[in-house]
Every structure is written in C-alpha cells, then in structure tokens.
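> My questions concern the predicted model and sequence given below.
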Amino acid sequence: MRMSQTGDLWWKTAVLYCADVQTFYDSDSDGVGDLRGMTEQIEYLADLGITCLWLMPIYPTPSKDDGYDITDFYGVDPRLGTHGDFVELVRTASAHGIRVIVDFVMNHTSDQHPWFRSARRSKDDPYRDYFVWSPTKPKTNPKDIIFPDQEDSLWELEPRTGEYYLHHFYKHQPDLNVLNPDVQEEIARTIGFWLELGVSGFRVDAVPFLFTPDTVPADGHTVSFDPKRYLGDIRKYVTRRLGDALLLGEVNLPYQQQKTYFGGDDGDGLNMQFDFAAMQALYLALAREDSRPLERTLRRRPKMDVTSQWANFVRNHDELTLDQLTDEERQEVFDAFGPDPDMQLFGRGLRRRVPSMVGGDPRRLRLIYSIMFSLPGTPVLFYGEEIGMAENLEVPGRLSVRTPMQWGDDPQGGFTDAPPRKLTRPFPDGLYSPERINVASQRHDQDSLWWFIRNLIRLRRQYPQLGWSTVEVPRTKPHSVLAHIAREEDGWTMLALHNLAPESCLVDVALGDVEPGSTLVDLVNDRSEHPIPKDGKPQLEIEGYGYRWLLLRRPGDRPPK
C-alpha cells in the first residue's frame, strides 16, 4: 500500500473525535463552552493524535433536545460564538492537521423554526409542504416511537388547521418533507454554505428516518422520489463542491440494510457509517466473557467498495443502544453493566459511560479500546473517553454522558472560571470527579489511560493499512479470546488477540498460507518476534484481559516502524 493512496480517501485512515462545544471548554467564564474555547484546545487534540474533529450541533436552538432542535441551519448559537469564531476554529484546526466535520440534521427542525411557524398557520401557506401533514391521525406502531418515555404517537395535532404533522422524534421536532424538491434544494444550500466555511464533511443525523414510509399517500411527490437515488444525489453534490468531503451516516440497521445506504456495490451513497452491529455484539461478548457474539457479527460484515468505510466506536453521545440484540441478550448486558433501572433508557440502552460499566477496572478499559482501535475501519472517540470520564446519573436522560470535559482537578474541572451554579451541567462526583479524573494529571503520567489511547492512535497512524484492511475471524479456542486478522490486499497482515476473561491462556490461531520464515512481531507490548510453525498455526499466550497486536513480518520485509 502506498501512502499516496490515502490522501483522496482520508477518512479511511482518520481518527475522529466527537465533541459538544457547549461542554468542552469555556473561554469567557459564563459556564458554557464555546467555539473560542474549542479553538484554544486544538493543540490538545493534535497532541492526542486526532485528525478529524466532529462537532455536535452548533446552530441556534431552543435547546429542548441539546441542540438537535434547530431554528436556523445557517446560524451559530450566540452562546457558542459567531461565524467568525467558527472560521477561526476551522483554520486553526487545519493548521494542526485536523479536519472539521459538523452535525447535519436533515430529518427535522425545531417547531420554532421560521419554516414551521409559517407552515402551521394555514393549509395554503407556502411552507406548508416543507413538512408532512395528514387530515386524520394515522396509526403509530409503538415500536417506531423513539422516545417512549415522552411520546405515544408519531403524529401531533396542530389546532389552528386541524391537521396532524409527523415527528419521528419529539413533538417539538416536526419532520421535514424530504420528498419536496424545495426542501431538497434547501438541504443542498445548507450543505454548500458550510462547505464554503471550510468544513470537510458532515455527520448526517438519523439517516433512515429521512426515507421512512410514514408519509401521506396523497403526497404528489411520492411518485417520482427514490430515496437511494436522492442519497446518491447528495453524495454527488457534496463531491462536486469538495472532492474529498465526508458523509458519515448514523444508520442503526442490520448490515445488509446499511449496505444500501453506502450505495450498494457502487458505493455512491454515504462514505462511512457507524458499525452499530459490532458495537452491540461487543458488549454482549464482554458480558459473557465469550467472544463468539462479536465473532459472528464481524463475519457478517459485508464487503464494500474502496471508497466506503466502517466507523468503529464503543460509546457515542446518545444512550448506548442495544436494540439489535434480542430481549434476552439485552437483559444479559443490562445485568452486567447497568442493573439499576435508572442506568437504563427507553428499554433499549444504557445511559452510562464505559469506565463505570466495567467498575473502573483499567485492564478491561484498555482491552475494550484496544479492540476498537485494532479493528479494520476508522476509530471514533467521544470526548472524555481518552481519560476515562464517567456519567452523572443525576443529569436526566441521554444528557448524563454529556457533562463538561474534565481538564483539571479544581471544583470546576478546569472547564470554566464561572461558579458551579452556572455550569452547563454538573460533573460526576466521587471516583469519577474532576479531582480524580482529569486531563492535566493524565498527560503527566505515562501509565495513564490518556497515554494508552495516545499510543493506540500512534499505532493506527503508523499503520494506515488498518484503515484499508478487511477483517477475517478465524475459529479459535478458548472462546474467551477474540482473534481477528486485518489483511490488506497487498498482503500486509496483522493478527489481534483479545482475552475477554480474567484468566491467562494459550491460543492456537490458523493464519492460513504463510511464507516460510515469517514471524509475528508484537507491536503493543515489547516488539518481540514469534516464529510461525510450518502449519501456519502459532500457539500464543495471552494474559487475563490482555491484548496483543501481532504484525506478520515476511522474509524480506522491512523492520516494523
């Protein structure tokens, strides 16, 4: 593989970092993080090794859904700064080798958006068809309700016109009618605007809900609208405006349905999608201390075209969803990592961060992140994961994991100089408080989780082949050990071993046809070399909750970097 190949498809070798501006760093002491504060911390992200910063919504909002209820797709929330501050952030990030992508919510607006405020006044309003209306209340399948704790229908009555509007999320977030060509044009204008301000792409929110069949049959646009074609049109438009722009989609569906959103075999849809299936299987495997759920899932990963990529993650900004597991499997994960009902959300997920789920065990923490970084695909970190931040269950709902970044050990966590009462949200206390978990102390401790994550990122960047590889999962014993092989088409090969159980063990792995005289070089631990027997089945030792990245070195290969 040539390094020159990685430039056009930069997202395949990137390391992404998701941050919420309002909870990252406060530069003006008002208790709310802002764009200038984010800019001040670009050096921190560069030191960590991040190559792409994903910003959660920064748009004007009533903030009933933490910014995902938007009143102006072209604006910047005044609490966070100005367009000038945003451009300075993008410029500074670029100077440090970091691209910026922004959240793009194509599915809905706030009910305070001027379009909806106009549309709800009259059936004849020019913006009426920007949203989805029905003269009668359609039936709702309870399984389709995203927030069952607060909503009981996807349709809400607008008293002024006597019609019902569609909202897949909260009732204050009416769905946009993407079937309407005028809405499609507005989406294109918005994309073009932010590309002109320097972003390198978009994380597209809730993609499947753009194309659900919950529209009114009488809608005249349904005849000519093809969802797959429209997604391809967006990809083409973005590529025309910026040749190497990224579309990262939130598509929580089984693999074969996700392949459709990639654009099928041609790959002319989304560039990258989160691997929800593998994430959920990982937690089931961890709960059982048995690698087979994850093995089975990874074997089902469909092959993609060269431009498409999986985004690997173990935690995002929402609840840790487990909706692709069976009821029995989900309960196993709940019992292991969130037995208290207050730790669960919507009956399908956990509102906890990883450190508290594993009881603060540093071995299991490192094991989990080693799995994520070693898998073919692109790793995505949620802010604070690199230092082991935990949730604050006193904060309601999904927001429990979106507490302020813990920079220092003072009561305000180095996040702000404002008094605690002005904080965006309160910090966790006890074992996971800023006094115990913070950036400053970990950056000065080379045995810390921060340094461990930094070293994993360094390995990823030293071996870009991981981003271009496919995954192979040989059958191994004991079942507590996950073995996967990352193999790039020119023959570059890496074997990764992860022991999900506390007991050490020996593992036999079938590598397939291996050139005589080849060895395996340990990249993570001591750079030791292990000969490979003639049958291609080395026997390797791995400690409890241990991890090994073993590079195949063939005769004539240069020494590892």
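Alright, I've got the coordinates.
> Give me the nearest residue to Asp30, chain neighbours excluded.
Excluding the flanking residues, the one nearest Asp30 by CB to CB, 6 or more residues apart in numbering is Ala418, at 5.9 Å. Placement of C-beta: from N, CA and C, glycine included.
> which residues touch that neighbour?
Neighbouring residues of Ala418 by CB atoms under 8 Å, 6 or more residues apart in numbering: Asp26, Ser29, Asp30, Gly31, Gln412.
> let's see it at 6 Å
Ser29, Asp30, Gly31 (CB atoms under 6 Å, 6 or more residues apart in numbering).
> Now do the contacts for the last one.
Going by CB under 6 Å, 6+ apart, Gly31 touches Thr416, Ala418, Lys422, Leu423.
> Against Asp20, how distant is the first one?
The gap separating Thr416 from Asp20 is 14 Å, by CB to CB, to the nearest Å.
> for the second one, same thing?
Separation of Ala418 from Asp20 (CB to CB): 17 Å.
> Show me the contact partners of stretch 143-159.
Contacts of stretch 143-159 (CB under 6 Å, 6+ apart): Arg120, Lys137, Pro138, Thr140, Tyr164, Tyr165, Leu166, His167, His168, Phe169, Lys171, Phe346.
> first vs last residue of that stretch, how far apart are they?
26 Å (CA to CA, to the nearest Å).
> Any chance of the contacts of Ala418 in JSON lines with pLDDT, distance to Ala311 and secondary structure as columns?
Below are these laid out as JSON lines (pLDDT from 0 to 100; distance: CB to CB, whole Å; DSSP: H, G, I helix; E, B strand; the rest coil):
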{"residue": "Ser29", "pLDDT": "96", "distance to Ala311": "35", "secondary structure": "coil"}
{"residue": "Asp30", "pLDDT": "97", "distance to Ala311": "33", "secondary structure": "coil"}
{"residue": "Gly31", "pLDDT": "97", "distance to Ala311": "32", "secondary structure": "coil"}
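> now, which of those residues sits nearest Glu295?
Using CB to CB, Gly31 is the member of those that lies nearest Glu295, at 46.5 Å.
> Would you list the phi and psi of the nearest residue to the closest one once chain neighbours are set aside?
Here the nearest residue to Gly31 in space, its sequence neighbours aside, is Lys422; by CB to CB, 6+ apart that works out to 3.1 Å. When read as degrees, to the nearest 10, the backbone of Lys422 gives phi -90, psi 0.
> Give me the neighbour count for the closest residue to Lys12 other than its chain neighbours.
What sits nearest to Lys12 in space, not counting adjacent residues and going by CB to CB, 6+ apart, is Gly467, at 4.2 Å. Gly467 has 25 neighbours, counted by other CB atoms under 10 Å.
> what's the spacing between the strand or helix carrying Gly467 and its chain's center?
Using DSSP states H and E, the element containing Gly467 is helix 465-468. Centroid displacement of helix 465-468 relative to its chain, using CA atoms, centre = their mean, to the nearest Å, is 18 Å.
> Using PDB, list the CA coordinates for it.
Taking C-alpha atoms only, helix 465-468 is exported to PDB below (Å, rounded to 0.1, in the frame of the first residue of the first chain):
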ATOM      1  CA  GLN A 465      -3.200  -0.300   6.300                       C
ATOM      2  CA  LEU A 466      -5.600  -1.000   9.200                       C
ATOM      3  CA  GLY A 467      -8.000   1.500   7.700                       C
ATOM      4  CA  TRP A 468      -7.800  -0.200   4.300                       C
END
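> Could I get the contacting residues of Ser291?
Ala285, His479, Leu482, Leu500.
> correction: Arg366
Phe452.
> buried set for the helix or strand hosting it?
Assigned by DSSP H and E, Arg366 belongs to helix 362-374. Under the neighbour-count criterion of 16 or more other CB atoms under 10 Å, helix 362-374 has Arg364, Leu365, Arg366, Leu367, Ile368, Tyr369, Ser370, Ile371, Met372, Phe373, Ser374 buried.
> State the mean pLDDT of that helix.
For helix 362-374, mean pLDDT rounds to 98.
> start to end distance for stretch 320-335?
Separation of the first and last residues of stretch 320-335 by CA to CA is 14 Å.
> Please compute how far it lies from its chain's middle.
Centre-to-centre, stretch 320-335 and its host chain are 19 Å apart (CA atoms, centre = their mean).
> show me where the stretch 1-150 of the chain has strands.
16-19, 52-55, 99-104, 133-134 (DSSP state E, counting those that start in this stretch).
> looking at these, which is closest to Gly84?
Closest among those, using CB to CB: strand 99-104, at 15.0 Å.
> Give me the helices and strands touching the closest one, please.
Using 3 or more CB pairs under 6 Å, 6 or more residues apart in numbering; DSSP states H and E, the elements in contact with strand 99-104 are strand 52-55, strand 201-204.
> In a markdown table, list those along with mean pLDDT and mean neighbour count.
Formatted as a markdown table, those follow (pLDDT from 0 to 100; neighbours: other CB atoms under 10 Å):
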| stretch | mean pLDDT | mean neighbour count |
| --- | --- | --- |
| strand 52-55 | 98 | 24 |
| strand 201-204 | 97 | 24 |
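> Validate this expectation: Ala311 resides in a helix.
No: assignment of Ala311 by DSSP: H, G, I helix; E, B strand; the rest coil gives strand, placing it outside any helix.
> per-residue confidence for it?
On the pLDDT scale, Ala311 gets 98.
> State the distance from the nearest residue to it once chain neighbours are set aside to Arg203.
In space, and not counting its chain neighbours, Ala311 is closest to Phe274: 4.6 Å by CB to CB, 6+ apart. According to CB to CB, Phe274 stands 9 Å off from Arg203.
> With Gly512 instead?
Gly512 is 37 Å from Arg203, by CB to CB.
> Out of the strands of the stretch 1-150 of the chain, flag the one nearest Arg241.
strand 99-104 (13.6 Å).
> mind saving the C-alpha coords of that closest one as PDB?
What follows is strand 99-104 as a C-alpha-only set of coordinates in PDB (Å, rounded to 0.1, in the frame of the first residue of the first chain):
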ATOM      1  CA  ARG A  99     -10.200  18.500   9.600                       C
ATOM      2  CA  VAL A 100     -13.600  19.600  11.000                       C
ATOM      3  CA  ILE A 101     -17.000  18.000  10.200                       C
ATOM      4  CA  VAL A 102     -20.300  19.200  11.600                       C
ATOM      5  CA  ASP A 103     -23.500  17.500  12.600                       C
ATOM      6  CA  PHE A 104     -26.200  17.900   9.900                       C
END
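> contacting residues around that strand?
Strand 99-104 is contacted from outside by 52-57, 90, 93, 199-205, 246, using CB under 6 Å, 6+ apart.
> Any idea how far that strand is from the middle of the chain?
Distance, centroid of strand 99-104 to centroid of chain: 12 Å (CA atoms, centre = their mean).
> ditto for stretch 322-338
Centroid displacement of stretch 322-338 relative to its chain, using CA atoms, centre = their mean, is 20 Å.
> One more: stretch 417-436?
Mean C-alpha position of stretch 417-436 versus that of the full chain (CA atoms, centre = their mean) differs by 25 Å.
> how long is it end to end?
Counting by CA to CA, you get 19 Å between the two ends of stretch 417-436.
> Next: stretch 435-442.
Its first and final residues considered, stretch 435-442 spans 12 Å by CA to CA.
> Gly97: which of the buried residues of helix 362-374 is nearest?
Of all these, Gly97 sits closest to Phe373, with 18.9 Å by CB to CB.
> residue contacts, the closest one?
Phe373 sits in contact with Pro379, Leu456, Arg460, where contact means CB under 6 Å, 6+ apart.
> what sits up against stretch 518-531?
By CB under 6 Å, 6+ apart, the list of residues contacting stretch 518-531 from outside reads Ile532, Trp549, Leu550, Leu551, Arg553, Arg554, Pro560.
> and what of stretch 448-456?
Residues outside stretch 448-456 that contact it (CB under 6 Å, 6+ apart) are Leu48, Gly49, Arg366, Phe373, Glu386, Ile387, Gly388, Gln442, Arg443.
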